[in-house]
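Undergrad: quick one, what's the 3D model for this:
(2 chains)
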Amino acid sequence: MRTIFYIMQKEFIQVFRNRMMLPIIFLMPVIQLLILSFAVTYEIKQIRLYITDIDNSVASRSLLQHFRSSPFYQIEGESKNAAEGMENIRKGTVHQMICILPGFEKNLAKGVPAKVQIINDAINGSAAALMNAYTVSIIGNYNQGIIAEAVPEAQPVVKINWLYWFNPELDYKTYMIPGILVLLVTIIGMFLAGMNVVREKEIGTIEQINVTPIKKYQFIAGKLIPFWIIALFDLAAGLLMARFFFSIPILGNIFLIFLVASVYLIVVMGIGLFISTVTNTQQQSMFLAWFFLVVFILMSGLFTPVESMPQWARNINVINPIAYFIRMIRMIMLKGSGFQDIVKHLIYLALYGITILSLAVWRYRKTT
Amino acid sequence: MTKEVSIHCENLTKSYGSATALAGLSFKVSKGEIFGFIGPDGAGKTSLFRILATLLLPDNGTASVEGLDVVKNYKKLRQILGYMPGRFSLYQDLTVAENLQFFAGIFRADIKENYYLIRDIYEQIAPFASRRAGKLSGGMKQKLALCCALIHKPVVLILDEPTTGVDAVSRQEFWEMLIRLKQEHITILVATPYMDEAVLCDRVALIQHGEIMAIDTPDNITRAYPDQLFKIKSSNTLTAIRLMNEFEGILSAEMFGDTVHVSAEKGRINANAIKEYLSEKGMMASAVSEADPGIEDCFIHLMKRSGIVRKEKVNP
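TA: Numbers count the residues shown, from 1 in each chain, chains lettered A, B, ... in the order given. Below you'll find the model as predicted:
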């Protein structure tokens, strides 16, 4: 026990003496939360729209009026020539083009389908899908209006009423911040702890350590525990910011969040340590850790819903620790889930942690 | 000195791929001895020391330190070993005092209790106790490393080129400390590329290409030098070497700093003959005298005899 204490003491001295390390540990959470939660949003404001109204009739102008008065659209240009609008999309000066074909009004009056064409710049696929959805729903409303006008007695058969539970206003921050907290903890656990071990190899201090009677478990515990503490400290700071600065509701038990985080950290530190056993320089370990981190983040459900991924990808997520933690932290923070609700995930995570950490300890060698 | 064996190696081999680092080393080191391994870079000194320090596994052969096998009993051995790697391996971002405390801590050693061992050395670096190790000079770093390797009162001290890259004064101080440590009956194994340090050892092994060429006391090694050695002082050593190589009857001509060492079979030629020859060739004012061979002369002689001469300079 005393040996572990000496190693931990050394680690803390080194961390607090490192000019680069302190900002990384203490400023990173603040900056990440601020930038990511204010700047990154799924909402699309200011869709740059090009209007090609070939029909140029009362009906077409009435439809287009909906777009002109919407705060989400900004009309970039208008003409009767479809080619001009397409040229604009090619140049990238507009995001979307609506083309009302000739005979729009006439067809409406006849009761024959009247045609409207929407062209989206799908360079950014998810943005294009969102813009398209906005526009389609505006045209849909217009459609409803015409039907109601023409046949007043016709009422919609199915009336839809919807509610967004757990995040009633679909507030992006509420959804994002728990995820960002997860990232923070991950970076400290996987990157800093793992790189710290490689650093001893790289600068050669491991030689001196290896000839001492330090046991493997003592060295590893002494190395990992300080970062485990720092990561939990960062999580606490992040939660405080989330609660009081961003007013994110924390419905569940805050200690449950820390319990999950503690288990989660064992997993990511195990991965970090494992990477450190197969690499010799900080650069190598950094690239390898980065590779796993990017894959894990993209598949974690932080940015895109896990439910929309193909089955094979969801199967891979079984070994994605970030996916577990994001799911659990969102459940606890936004839904107020209790221990009973997450215990299954938590057990998986714990088993995962034990496995990867044992693997890393087994792989770690004092002799060459 | 007792004749009890402290370190015993038998037919030790190690190779990295096709490169042979150790080609079957066998030797014994007695307790309380300062035993030097003398040889150029790449001779296999570091591989040998890392095996003895339990950091490297030998391919074949056995090695034991204080009766403990370096492979089977490495755990016990690590308790009684003090090892100083060739590369400075303390924490550069910890201070002098913190480094010492850390290594004392992990060895469960009491700094006060063992302070007498390192007092002479530590007092020299004590004024910089709160300075970071990375900011120390080369000599200071080695002194600190020695303190850290000694703080747990090891029975055997393994020092891999402790004086490489250290200034002449610090080197001398360092050796004075090692000689003082002998009184504590610590067996000291030291590797060095400096031939002048060899005479400070009780016994030395001359090592080249993973083989021991000679193993004896420094006196005996120089005494075994079979040829007659001449020292030529000249302002132009390169020309002197070229000329001497053309001289009938000599065995070798080597540059030693600003002098040339020439060896010849005993009784074959004398200093005057060389002097005359040189002045004939137009090299005036060259002082030529008979000389006693040093370790380095022996090293070169042995190297040539075993047919493993390389273009490398032995004296850095």
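
Undergrad: quick one: the residue nearest to residue A:215 when sequence neighbours are not counted and residue A:104, what's the gap?
TA: Leaving aside its chain neighbours, residue A:215 sits nearest to residue A:3 (7.7 Å; criterion: C-beta to C-beta, 6 or more residues apart in numbering or on different chains). Where C-beta positions appear, they are placed from N, C-alpha and C, glycine not excepted. Separation of residue A:3 from residue A:104 (C-beta to C-beta, to the nearest Å): 82 Å.

Undergrad: one more: residue A:168?
TA: From residue A:168 over to residue A:104 the distance is 39 Å, taken as C-beta to C-beta.

Undergrad: any idea how far residue A:335 lies from chain B?
TA: For residue A:335, the distance to chain B equals 45 Å [C-beta to the nearest C-beta, to the nearest Å].

Undergrad: residues touching that residue, list them.
TA: Residues near residue A:335 by C-beta atoms under 8 Å, 6 or more residues apart in numbering or on different chains: A:166, A:251-252.

Undergrad: again, but for residue B:79
TA: Counting by C-beta under 8 Å, 6+ apart, residue B:79 has contacts A:213, B:107, B:152.

Undergrad: next secondary structure after the strand or helix carrying it?
TA: Residue B:79 is located in helix B:74-80, with elements delineated by DSSP states H and E. For helix B:74-80, the succeeding helix or strand toward the C-terminus, using DSSP H and E, is strand B:81-84.

Undergrad: how far away from the center of its chain is the helix or strand just after that next one?
TA: Using DSSP H and E, the next helix or strand after strand B:81-84 towards the C-terminus is helix B:96-106. Its chain's C-alpha centre and that of helix B:96-106 lie 27 Å apart, by C-alpha atoms, centre = their mean, to the nearest Å.

Undergrad: which elements pack onto helix B:96-106?
TA: Where contact means 3 or more C-beta pairs under 8 Å, 6 or more residues apart in numbering or on different chains; DSSP states H and E, helix B:96-106 is packed against helix A:2-17, helix B:111-125, helix B:138-150.

Undergrad: quick revisit: could I get the contacts of residue A:335 as TSV with pLDDT and distance to chain B?
TA: Compiled in TSV, the contacts of residue A:335 are given as follows (pLDDT from 0 to 100; distance: C-beta to the nearest C-beta, whole Å):
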residue	pLDDT	distance to chain B
A:166	76	47
A:251	87	44
A:252	88	41
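
Undergrad: contacts only, for the residue of the stretch 1-150 of chain A found nearest chain B.
TA: As assessed by C-beta to the nearest C-beta, chain B sits closest to residue A:6 within the stretch 1-150 of chain A, at 3.6 Å. Residues counted as contacts of residue A:6 (C-beta under 8 Å, 6+ apart) are A:222, B:102, B:105-106.

Undergrad: now stretch B:187-199: mean pLDDT?
TA: For stretch B:187-199, mean pLDDT rounds to 88.

Undergrad: straight-line length of that stretch, end to end?
TA: Start and end residues of stretch B:187-199 are separated by 17 Å (C-alpha to C-alpha, to the nearest Å).

Undergrad: for stretch B:254-273, same thing?
TA: End-to-end distance for stretch B:254-273: 18 Å, by C-alpha to C-alpha.

Undergrad: picking up where we left off before, buried only: go through the contacts of residue B:79 for me.
TA: Neighbour counting with 16 or more other C-beta atoms under 10 Å in any protein chain shown marks A:213, B:107, B:152 as buried within the contacts of residue B:79.

Undergrad: A strand includes the last one, no?
TA: Going back to what we said before, that points to residue B:152. No - Residue B:152 sits outside any strand when classified using DSSP: H, G, I helix; E, B strand; the rest coil, being coil.

Undergrad: before we move on, the earlier item: reformat the contacts of residue B:79 as a markdown table; add distance to residue B:52 and pLDDT.
TA: Compiled in a markdown table, the contacts of residue B:79 are given as follows (distance: C-beta to C-beta, whole Å; pLDDT from 0 to 100):
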| residue | distance to residue B:52 | pLDDT |
| --- | --- | --- |
| A:213 | 16 | 87 |
| B:107 | 18 | 90 |
| B:152 | 17 | 91 |
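
Undergrad: now the strands for chain A?
TA: A:47-53, A:73-79, A:96-100, A:116-120 (DSSP state E).

Undergrad: go through the second one and flag the buried ones.
TA: The reference is to strand A:73-79. Going by neighbour count (16+ other C-beta under 10 Å), the buried part of strand A:73-79 is A:73, A:76.

Undergrad: just the last one next, same as before
TA: Applying a neighbour-count criterion of 16+ other C-beta under 10 Å, one finds A:116, A:119-120 buried in strand A:116-120.

Undergrad: ok, now stretch A:262-271?
TA: By neighbour count with 16+ other C-beta under 10 Å, stretch A:262-271 contains the buried residues A:262-271.
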